[in-house]
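Q: Structure, please.
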Amino acid sequence: PLYIYLVGLKCTFAIKDMLNRRLHRVIISGITGIVLFSIAGAWLLISRTSLFFAFVCICMIIALAIMLIRKMDKTDRQLESFFSAINNNDFNAHFTEKGDDKFLNGLFREMNRIITQFENNHTELEERRFYYESIIRVLTHEIRNSITPIASLSDDLIKYNDEYGKEGTIDGLQTINQQVQQLNTFLNAYHRLTHLPDPVKAKVKISTLFDKLDRLLNSEQGSENIRYISPENIEILLDQNLITLALINLIRNALQATTNTPEPQIRIEAGKKATSSFIQITDNGEGIPENRLEDIFTPFYSTKKEGSGIGLPLSRRIMQLHGGELIVNSEPGEGTVFRMTFPGF
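A: Take a look at the predicted model:
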């Protein structure tokens with residue numbers, strides 16, 4: 001008896017759960033209606049009580065069947081639309097919650113979440129592809145530019161060894177050595193950019209991080225113009241070593257941008273929102289033209305003769321490894337803002 005009671009209780013809760021779902025209520029009521037009208041219609045036909053009401057029962061059965069088919073077909077079309085969106089990378093698809101059907105609303109919420117996640121993954125893959133294509137393109141260009149004069153000069157030294165003489169040969173070898181050194185410096189920068197370790201994250205008190213930055217940059221020209229602003233108790237989940245490296249790159253960039261500014265100001269601010277945290281670097285320097293805003297994150301792109309072109313790409317890559325982002329806003333002649341956004345924890 002106890003076993004039968006438990007089974008019955010389980011079935012009762014299952015039926016109650018089904019009845020709480022609008023789709024299930026429609027299906028159960030439709031099937032129940034079909035069964036009842038079938039019994040009634042069959043009895044009316046067999047007993048010959050009323051052919052008219054028997055016909056009405058048949059019509060009701062057909063109407064209920066059509067209603068059920070349309071209801072299921074609507075859900076099927078939405079599911080088909082969902083899978084089609086996934087297969088065709090259609091990220092504009094959205095499924096609106098309707099009525100009080102918790103089951104369907106939960107299903108549509110999950111479908112919307114999957115499409116959003118799929119879009120984010122697709123965007124990340126596209127960004128990575130563009131990132132590595134940029135590196136390969138620049139790498140090929142730089143290596144070709146370095147190898148071509150080396151190959152040409154070494155070929156001349158072999159063919160015309162007697163004409164070059166000892167001093168000419170030494171000068172040629174020194175030129176080759178300089179080219180090799182430049183190429184080696186470039187490859188070291190490439191290795192550094194593409195072999196960043198995975199972040200080892202921990203909760204870091206930002207005021208402590210800012211104190212460390214202040215000590216590290218104290219000897220830099222213009223460091224007296226830097227102001228660090230942070231709530232005393234704010235903590236962010238991050239890899240302190242990697243973020244310190246990124247911040248040093250960004251702050252040095254701000255220092256260089258304000259070299260010719262009459263009253264240079266650089267602010268390093270931290271803050272926290274409901275779902276994210278941020279560190280922002282603001283300067284009142286020369287600014288960046290709009291057509292160069294994306295170029296500055298291209299590996300090895302630099303407008304400075306002494307620049308390596310890896311500082312900003314390195315900083316953005318560090319933020320990507322943290323699951324965050326590095327964005328820039330700039331007005332030529334007014335200043336630049338770099339914002340590092342970290343996901344919440």
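Q: Would you agree residue 208 falls within a helix?
A: Yes - the assignment for residue 208 by DSSP: H, G, I helix; E, B strand; the rest coil puts it in a helix.
Q: Next, work out how far apart it and residue 280 are.
A: 18 Å (C-beta to C-beta, to the nearest Å). (C-beta placed from N, C-alpha, C; glycine too.)
Q: again, but for residue 236
A: Counting by C-beta to C-beta, the gap from residue 236 to residue 280 is 13 Å.
Q: Any stretches of the stretch 151-300 of the chain with poor pLDDT?
A: For the stretch 151-300 of the chain, applying pLDDT under 70 flags the ranges 186, 189-191, 193-194, 300.
Q: helix/strand/coil for residue 42?
A: Per three-state DSSP, residue 42 ends up helix.
Q: what number of residues lie near it?
A: With neighbours defined by other C-beta atoms under 10 Å, the count for residue 42 comes to 12.
Q: again with residue 294
A: There are 10 residues near residue 294, going by other C-beta under 10 Å.
Q: so what's it up against?
A: Not one residue lies near residue 294 by C-beta atoms under 8 Å, 6 or more residues apart in numbering.
Q: and residue 157, what does it touch?
A: So residue 157 contacts 164, 169, 172-173 (C-beta under 8 Å, 6+ apart).
Q: one step back: common neighbours of residue 236 and residue 280, please.
A: residue 270.
Q: Settle it for me: which of the two has more neighbours?
A: The residue with more neighbours, out of residue 236 and residue 280, is residue 236; 28 against 16, by other C-beta under 10 Å.
Q: Checking that one next. Helix, strand or coil?
A: strand.
Q: give the contact list for it.
A: Contact analysis of residue 236 by C-beta under 8 Å, 6+ apart lists 203-204, 206, 270, 272, 277, 279, 342.
Q: Quick check: buried residues in stretch 322-338?
A: Counting neighbours by 16 or more other C-beta atoms under 10 Å, one finds that the buried residues in stretch 322-338 are 322, 324-326, 328, 330, 335-338.
Q: which residues in the chain form helices?
A: With DSSP state H as the criterion, the chain has helices at 2-19, 22-47, 51-87, 102-159, 161-194, 206-216, 240-257, 311-321.
Q: Reformat the buried residues of stretch 322-338 as TSV; add pLDDT and distance to residue 183.
A: What follows is the buried residues of stretch 322-338, written out as TSV (pLDDT from 0 to 100; distance: C-beta to C-beta, whole Å):
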residue	pLDDT	distance to residue 183
322	90	32
324	91	34
325	91	33
326	92	29
328	92	30
330	90	33
335	92	37
336	93	32
337	94	36
338	95	31
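Q: tell me which of those is nearest to residue 129?
A: Nearest to residue 129, judged by C-beta to C-beta, of these is residue 325 at 17.2 Å.
Q: The closest one and residue 113, how far apart?
A: The value you get for residue 325 to residue 113, if C-beta to C-beta is used, is 20 Å.
Q: Residue 239 now?
A: From residue 239 to residue 113 the distance is 28 Å (C-beta to C-beta).
Q: So for the two, which residue has more residues nearby?
A: residue 239 (20 against 10).
Q: Contact partners for the more buried one?
A: Here residue 239 is in contact with 199-202, 322 (C-beta under 8 Å, 6+ apart).
Q: again with residue 321
A: 196, 198-199, 242.
Q: what do you get if the cut-off is 7 Å, keeping everything else the same?
A: If a contact means C-beta atoms under 7 Å, 6 or more residues apart in numbering, then residue 321 has 196, 198-199 as its contacts.
Q: Just the buried ones out of those residues, please.
A: Buried by 16+ other C-beta under 10 Å: residue 199, out of these.
Q: now the contacts of residue 321 as a markdown table including distance to residue 225?
A: Formatted as a markdown table, the contacts of residue 321 follow (distance: C-beta to C-beta, whole Å):
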| residue | distance to residue 225 |
| --- | --- |
| 196 | 30 |
| 198 | 35 |
| 199 | 30 |
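Q: Tell me the one of the contacts of residue 321 nearest residue 257?
A: Checking the contacts of residue 321 against residue 257 with C-beta to C-beta, the nearest one is residue 196 at 24.8 Å.
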